[in-house]
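[1] I need the structure of the sequence given here:
(2 chains)
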Number of protein chains: 2
Amino acid sequence: MTTGEITLYIATSVDGFIAAEDGSVAWLEEFQSTGEADGGEGSYEAFFADIEALVMGATTYEQVRSFGEWPYEDRPTYVLTRSNYPRATDAVEFVEGEIDGLATRLERRHDRIWLVGGAQVVRGFLREGHVDELRLSLVPVLLGRGISLFGESDQRRELELLENTTHETGIVELRYEIGG
Amino acid sequence: MTTGEITLYIATSVDGFIAAEDGSVAWLEEFQSTGEADGGEGSYEAFFADIEALVMGATTYEQVRSFGEWPYEDRPTYVLTRSNYPRATDAVEFVEGEIDGLATRLERRHDRIWLVGGAQVVRGFLREGHVDELRLSLVPVLLGRGISLFGESDQRRELELLENTTHETGIVELRYEIGG
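    Numbers count the residues shown, from 1 in each chain, chains lettered A, B, ... in the order given. Reported below is the predicted structural model:
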């Protein structure tokens, strides 16, 4: 049985915030060179080309939907929510239930899965040991406040640095394998 | 009149912690290749050689003192505290008062000042606009809990990436100029 890999690929400020307190990611716009929250210069395109499915929370989904055209083509996109939202495309599926079971189902179904965010969903996947790779785009700003990516957790996780790339925008992209 | 530069040079986990909840930095030891909390491979030595004075809080001072031999040679070291502690060396001076005035005095007296930590002192210096450069040694681990380097702040600060170095230990050293 194959087991898919889940990658958390996300942009944070140097002080660890991923969004304003209301979930807005407007602060990212000035750093974007390609129109995606990506670290710029093609790294996003290469990453996305390899992705089979996406998983995200409802607030992130509503953020992405607010950008206009749905950016994730026909990739199956799982949105964790108990509420009803409009479906951006036929590829969007609303899912609920506990994270461990859901992640296991996704890992069976897809080889490479992008965990998009937000903080609550990320923390759940990390807590349950369902994040294999961490790709952080460190954006050169101290935001001061907002939604932190990492909260408090009882688990320590070892990381192995796989790649460190500097982009022209000053964004540093760090790729880590997440250990036990 | 000359004005000294203050550099915050500090190691954090990828999830932004600088110490365990009790202030201990034992978690750093396994990543150290030179015996200093430095990112390894000589970058600390080069940095320290250029430093004229140090400033730190009392908890950090007590941590450093607990390591044994005082590691900062004869560099004037200002410890912010209202309490009495033993002086590690003649170069240690205990200071109190508000941070803005203190920082201004240090900047007049010394050209290159190392802001060592901890979180409370760092946040005070950042808040008052007295940190010119940020050198973060990102240690490849998610600690889960402890003392965060950056808290919440009402000020957003722009950063300019000056240098990005990968060390053999997997530590990534990022050097930023702190703007307005």
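
[2] could I get the buried residue list for the helix ranked longest in chain A?
    When chain A is parsed with DSSP state H, its longest helix is helix A:99-109. Across helix A:99-109, burial judged by 16 or more other CB atoms under 10 Å in any protein chain shown covers A:99, A:102-103, A:106-107. The way it works is simple: take the backbone N, C-alpha and C, and place the C-beta from them, glycine included.

[3] and for stretch A:173-180?
    For stretch A:173-180, by 16+ other CB under 10 Å, it's A:173-176, A:178.

[4] contacting chain B as well, which ones from the residues you listed?
    The residues of the buried residues of stretch A:173-180 that also fall near chain B, by CB under 8 Å from any CB of the partner chain, are A:174, A:176, A:178.

[5] out of these, which are inside strands?
    Per DSSP state E, strands hold the following members of those: A:174, A:176, A:178.

[6] can you put those in a markdown table and add pLDDT?
    As requested, those are exported to a markdown table (pLDDT from 0 to 100):
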| residue | pLDDT |
| --- | --- |
| A:174 | 98 |
| A:176 | 98 |
| A:178 | 97 |
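
[7] and the helix or strand just after the longest helix of chain A, does that touch chain B?
    Downstream of helix A:99-109, the next assigned helix or strand under DSSP states H and E is strand A:112-117. No. On the criterion CB under 8 Å from any CB, strand A:112-117 is out of touch with chain B, staying 14.6 Å away.

[8] how about the helix or strand hosting residue A:65: buried residues?
    Assigned by DSSP H and E, residue A:65 falls within helix A:58-66. Residues A:58-65 are the ones in helix A:58-66 that count as buried (16+ other CB under 10 Å).

[9] dig out what residue A:133 forms beta bridges with.
    Beta-bridge partners recorded for residue A:133 (DSSP bridges): residue A:7, residue A:177.

[10] next up, the contacts around the residue with the shortest distance to the centre of chain A.
    The centre of chain A sits closest to residue A:116, judged by CA atoms, centre = their mean, with a distance of 2.2 Å. Contact analysis of residue A:116 by CB atoms under 8 Å, 6 or more residues apart in numbering or on different chains lists A:9-10, A:54-56, A:60, A:64.

[11] nearest spatial neighbour of it, skipping sequence neighbours?
    residue A:56 (4.0 Å; CB to CB, 6 or more residues apart in numbering or on different chains).

[12] my guess is that neighbour contacts residue A:62. True?
    No. Applying CB atoms under 8 Å as the test, residue A:56 and residue A:62 come out as separate, 9.9 Å apart.

[13] what residues does chain A have near chain B?
    A:14-16, A:126, A:134, A:136, A:138, A:140-145, A:148-150, A:152-161, A:164, A:166, A:170, A:172, A:174, A:176, A:178.

[14] now the buried members of those.
    Among the residues of chain A next to chain B, those buried by neighbour count (16+ other CB under 10 Å) are A:14-16, A:126, A:134, A:136, A:138, A:140-145, A:148-150, A:156-157, A:159, A:161, A:164, A:170, A:172, A:174, A:176, A:178.

[15] what about the residue nearest to residue A:116, which helix or strand?
    strand A:53-57.

[16] surely residue A:51 meets residue A:113?
    Yes. Using CB under 8 Å, residue A:51 is in contact with residue A:113, at 7.3 Å.

[17] can you pull the residues that touch both of these two?
    Joint contacts of residue A:51 and residue A:113 (CB under 8 Å, 6+ apart) are residue A:7.

[18] how about the helices in chain A?
    Going by DSSP H, chain A shows helices at A:43-49, A:58-66, A:99-109, A:119-127.

[19] those helices into CSV, with extra columns for mean pLDDT?
    Output for these, formatted as CSV (pLDDT from 0 to 100):
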stretch, mean pLDDT
helix A:43-49, 93
helix A:58-66, 94
helix A:99-109, 96
helix A:119-127, 96
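
[20] what about the spatially closest residue to residue A:59 that is not a sequence neighbour, how many neighbours?
    In space, and not counting its chain neighbours, residue A:59 is closest to residue A:23: 4.6 Å by CB to CB, 6+ apart. Per other CB atoms under 10 Å in any protein chain shown, the neighbour tally for residue A:23 reads 18.
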